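>>> Attaching a predicted model along with its sequence, questions to come.
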Amino acid sequence: MAGIKHLDRYILKNFFRTFSTTFFASIFVLLMQFVFRYIDDFVGKGVGYGIMAEFFFHAAMSLVPLSLPLSILIGSLMTFGNLSERLELMAMKAAGVSLFRIMRPLIMAIIVLAIGSFYFSDYVLPNAQVRMWTLVFSIREKPLELEIPKGSFYNGITGRNIYVGDKTGDALLDVVIYDYSNGFENTTIILADTGFISQSENKKKLILRLYSGETFEHLKESGDNKRPNKVIPYRRETFAHKEIVIDYDANFNELDPGFLEQQYVSKNTQELMYAVDSIDKRLARFDSTAMKRIKTTTYFNRNQRTAAESIDTTNITAQVDTIVNPKKQYLQLSDYYKKMVINTALTRSRVVQSDIVIRKNDVEWLKTEQRRHTIEWHKRHTLPFACLIFLFIGAPLGAIIRKGGMGMPLVMSVVLFICYYIIDNTGYKLAREGVWEVWQGMWLSAFILLPLGITLTYMAANERTLTNGETYKNVIKKFFTIFTNRFKRKNKNEII
């Protein structure tokens with residue numbers, strides 16, 4: 001920063017001090033909210049610290065696009081709020097330095113951040129999201145850590161229910177095991193006074209050692225199902241020591257990330273556009289193929305025999321015209337053959353209808369995939385633009401309210417960001433459901449906040465305040481003047 005002027009260095013130092021603190025704080029808050037969302041999938045799984053640290057790291061990377069605009073908004077608002085409160089901004093303006101000159105180092109810095117955010121979203125974010133979701137699904141598939149409670153049945157082991165009356169250290173007392181791994185009709189009941197449970201060295205087997213117990217097992221054969229009143233024999237076994245080996249893989253088995261490679265979250269902008277073009281071609285080819293299929297293989301094809309012609313009419317004495325006339329042919333048929341013709345036509349119509357429904361669902365799925373890829377493509381471009389908009393909202397707003405610290409600036413920043421999040425999420429849902437065009441939904445927040453940023457910048461540059469009623473009065477008066485002039489001009493043209 002040796003070549004930067006003292007004023008620019010001072011502005012950047014104040015901004016990045018607040019920006020860095022806010023950025024990591026917002027990452028932490030959003031990360032906790034994300035973890036609470038999936039807390040049920042993580043509790044009791046016994047995942048190692050290394051896996052959890054990797055998950056938190058990639059989850060934090062995935063939250064950068066949401067934290068960056070918020071940090072820029074809070075940082076710029078608090079920076080200019082502090083400068084205004086300490087009268088430093090007024091001193092700069094008194095020295096002939098304009099607001100845009102004061103904001104110039106921040107504008108250049110945010111442009112660099114915006115470009116960096118685009119490349120981050122295009123190259124780093126897809127890999128982080130693939131890795132994060134792979135870990136989420138892998139942890140979700142991992143079985144729970146074996147912790148058998150006392151006084152209630154435990155069904156964490158597939159095919160078995162285990163009841164433990166009490167525990168003394170590692171010993172399980174008054175053990176009852178219902179083994180239905182071979183079907184509920186062949187349930188085996190095991191009772192034991194004492195038991196110990198352990199895992200094999202590779203953590204793929206459970207070893208259950210039981211002492212002083214009994215085993216009850218049905219000896220029901222497959223043929224006995226037809227004779228429900230027959231007495232079913234069973235076998236009773238008394239044992240002093242019994243060892244049972246149960247399949248139970250407690251290791252963390254990471255899933256193959258290949259199932260996410262074709263998803264939109266794993267692609268960069270070039271791959272997203274290629275996928276959208278491919279889906280466009282598939283839809284065009286799909287429509288032409290479907291229309292050709294309906295024309296060539298259904299009841300409505302004139303090149304094939306009609307439903308009336310498919311009936312054997314050799315016994316009909318009526319003379320049939322040489323020119324094919326389905327209506328006339330149908331009227332010449334007997335009631336029996338008319339009914340057959342109607343049934344045939346209905347059958348073919350139902351086939352056409354079912355074929356259309358199936359193909360409609362396929363088309364809807366393709367369109368949904370197309371919208372998802374297009375939405376992801378627009379997300380990569382709306383993030384840099386949101387960073388610039390929030391700079392031109394936060395910096396002028398801080399100069400207008402003339403309040404620094406963590407009070408008013410933080411409250412106003414959070415309120416503005418919540419409004420931005422609601423608008424952006426609404427546009428996203430409208431685009432995802434196909435109610436709006438994708439570009440309309442994804443750029444809705446930018447279209448709404450851009451005029452706000454321009455207005456606040458204009459007010460700050462001209463020393464206007466939010467509480468000055470004369471400002472709003474002049475804006476409203478100017479609006480009505482423009483509207484009245486246009487209305488008078490239109491009436492004058494109509495009279496002429």
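That came through, no problem. Numbering: from 1, shown residues only.
>>> Next secondary structure element downstream of the longest helix along the chain?
Assignment by DSSP state H gives helix 335-401 as the longest helix of the chain. Using DSSP states H and E, the next helix or strand after helix 335-401 towards the C-terminus is helix 408-432.
>>> helices and strands around that next one, which ones?
For helix 408-432, the packing partners by 3 or more Cβ pairs under 8 Å, 6 or more residues apart in numbering; DSSP states H and E come out as helix 64-85, helix 335-401, helix 438-442, helix 444-461. Quick note: C-beta positions are derived from backbone N, CA and C, even for glycine.
>>> what's the closest non-adjacent residue to A275?
Excluding its sequence neighbours, the residue lying closest to A275 (Cβ to Cβ, 6 or more residues apart in numbering) is H373, at 4.9 Å.
>>> And for T426?
L444 (7.1 Å).
>>> Can you tell me which of the helices and strands packed on helix 408-432 is most buried?
Ranked by mean neighbour count under mean count of other Cβ atoms under 10 Å, these are led by helix 64-85, which reaches a mean of 25.
>>> same for that helix, what does it pack against?
helix 6-37, helix 88-94, helix 99-119, helix 335-401, helix 408-432.
>>> CSV please, covering those helices and showing distance to N82 and mean pLDDT.
Converted to CSV, the helices and strands packed on helix 64-85 look like this (distance: least, Cβ to Cβ, whole Å; pLDDT from 0 to 100):
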stretch, distance to N82, mean pLDDT
helix 6-37, 7, 86
helix 88-94, 8, 82
helix 99-119, 13, 89
helix 335-401, 8, 84
helix 408-432, 8, 86
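>>> and of the ones you listed, who's closest to I190?
Nearest of the helices and strands packed on helix 64-85 to I190, taken as Cβ to Cβ: helix 6-37 at 40.1 Å.
>>> starting at the chain centroid, how far to stretch 269-286?
21 Å (Cα atoms, centre = their mean, to the nearest Å).
>>> CA-only coordinates of that stretch in PDB, if you can.
Output in PDB follows, covering the C-alpha atoms of stretch 269-286 (Å, rounded to 0.1, in the frame of the first residue of the first chain):
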ATOM      1  CA  THR A 269     -20.600 -21.300 -15.700                       C
ATOM      2  CA  GLN A 270     -19.300 -22.900 -18.900                       C
ATOM      3  CA  GLU A 271     -20.600 -26.300 -17.900                       C
ATOM      4  CA  LEU A 272     -23.900 -24.800 -16.800                       C
ATOM      5  CA  MET A 273     -24.400 -23.200 -20.200                       C
ATOM      6  CA  TYR A 274     -23.400 -26.400 -22.000                       C
ATOM      7  CA  ALA A 275     -26.000 -28.300 -19.900                       C
ATOM      8  CA  VAL A 276     -28.700 -25.700 -20.700                       C
ATOM      9  CA  ASP A 277     -28.000 -25.900 -24.400                       C
ATOM     10  CA  SER A 278     -28.100 -29.700 -24.200                       C
ATOM     11  CA  ILE A 279     -31.400 -29.700 -22.500                       C
ATOM     12  CA  ASP A 280     -32.800 -27.200 -25.100                       C
ATOM     13  CA  LYS A 281     -31.800 -29.600 -27.900                       C
ATOM     14  CA  ARG A 282     -33.300 -32.600 -26.000                       C
ATOM     15  CA  LEU A 283     -36.600 -30.700 -25.600                       C
ATOM     16  CA  ALA A 284     -36.700 -29.800 -29.300                       C
ATOM     17  CA  ARG A 285     -35.900 -33.400 -30.300                       C
ATOM     18  CA  PHE A 286     -38.400 -34.700 -27.700                       C
END
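>>> picking that back up, contact partners for the residue nearest to A275?
Neighbouring residues of H373 by Cβ atoms under 8 Å, 6 or more residues apart in numbering: 264, 267, 272, 275-276, 279.
>>> now A399
So A399 contacts 80-81, 83-84, 89, 99, 460 (Cβ under 8 Å, 6+ apart).
>>> Would you mind giving the residues you listed as CSV with distance to G258 added?
Converted to CSV, these look like this (distance: Cβ to Cβ, whole Å):
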residue, distance to G258
F80, 49
G81, 50
L83, 53
S84, 55
L89, 55
L99, 53
A460, 52
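>>> ok, those residues vs P384, which is closest?
For those, the nearest to P384 is F80 (21.5 Å; Cβ to Cβ).
>>> quick one: pLDDT of that closest one?
We have a pLDDT of 87 for F80.
>>> In space, what's closest to it - neighbours in sequence excluded?
In space, F80 is closest to G398, 3.2 Å off (Cβ to Cβ, 6+ apart).
>>> these two touch, right, the one you found and T79?
Yes: between G398 and T79 there is a contact at 6.6 Å, judged by Cβ atoms under 8 Å.
>>> And the furthest pair within the contacts of A399?
Applying Cβ to Cβ across the contacts of A399, the maximum distance is between G81 and L99, 14.0 Å.
>>> And for Y123, the neighbour number?
11 (other Cβ atoms under 10 Å).
>>> same check, this time on K13
Counted with other Cβ under 10 Å, K13 comes out at 12.
>>> Could you measure from it over to G75?
12 Å (Cβ to Cβ, to the nearest Å).
>>> before we move on, the earlier item: so which of the helices and strands packed on helix 64-85 is nearest P257?
helix 335-401 (17.7 Å).
>>> ok, G434 - contacts?
Here G434 is in contact with 367-368, 371 (Cβ under 8 Å, 6+ apart).
>>> swap that for I197, sorry
Contacts of I197 by Cβ under 8 Å, 6+ apart are 146, 148, 172, 206-209.
>>> swap in N155?
161-162.
>>> how close does it get to I177?
N155 is 11 Å from I177, by Cβ to Cβ.
>>> May I see the contacts of G434 organised as JSON lines, with distance to V415 added?
What follows is those, written out as JSON lines (distance: Cβ to Cβ, whole Å):
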{"residue": "K367", "distance to V415": "37"}
{"residue": "T368", "distance to V415": "34"}
{"residue": "R371", "distance to V415": "31"}
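>>> for these, which one is nearest I139?
Nearest to I139 among the contacts of G434, with distances taken as Cβ to Cβ, is T368, at 27.6 Å.
>>> ok, the closest one to I375 distance?
10 Å.
>>> Then L63?
Taken as Cβ to Cβ, the span from L63 to I375 is 18 Å.
>>> again, but for M406
35 Å.
>>> Same check on R209?
57 Å.
>>> Next, count neighbours for L87.
Neighbour number of L87 under other Cβ under 10 Å is 11.
>>> Please report phi then psi for it.
phi 60, psi 20 (degrees, to the nearest 10).
>>> so what's M442 closest to, chain neighbours aside?
H378 (3.8 Å).
>>> Please name the residues that touch the one you found.
Contacts of H378 by Cβ under 8 Å, 6+ apart are 438-439, 442-443.
>>> Just the closest of the contacts of A399 to S413, please.
Looking across the contacts of A399 and measuring by Cβ to Cβ, the closest to S413 is G81, at 9.9 Å.
>>> ok, so what distance separates the residue nearest to the closest one when sequence neighbours are not counted from L416?
Spatial nearest neighbour of G81, excluding adjacent residues (Cβ to Cβ, 6+ apart): G398 at 3.7 Å. As for G398, its distance to L416 is 12 Å (criterion: Cβ to Cβ).
>>> cool, and L444?
16 Å.
>>> just R101 next, same as before
25 Å.
>>> doesn't L191 make contact with L173?
No: in this structure, L173 is not within contact of L191 by Cβ under 8 Å, at 11.9 Å.
>>> Okay, and H241 sits in which element?
strand 234-247.
>>> List the buried residues for that strand?
Of all the residues in strand 234-247, those buried under the rule 16 or more other Cβ atoms under 10 Å are K242.
>>> Who are the packing partners of that strand?
Under the contact rule (3+ Cβ pairs under 8 Å, 6+ apart), strand 234-247 is packed against strand 188-199, strand 205-218.
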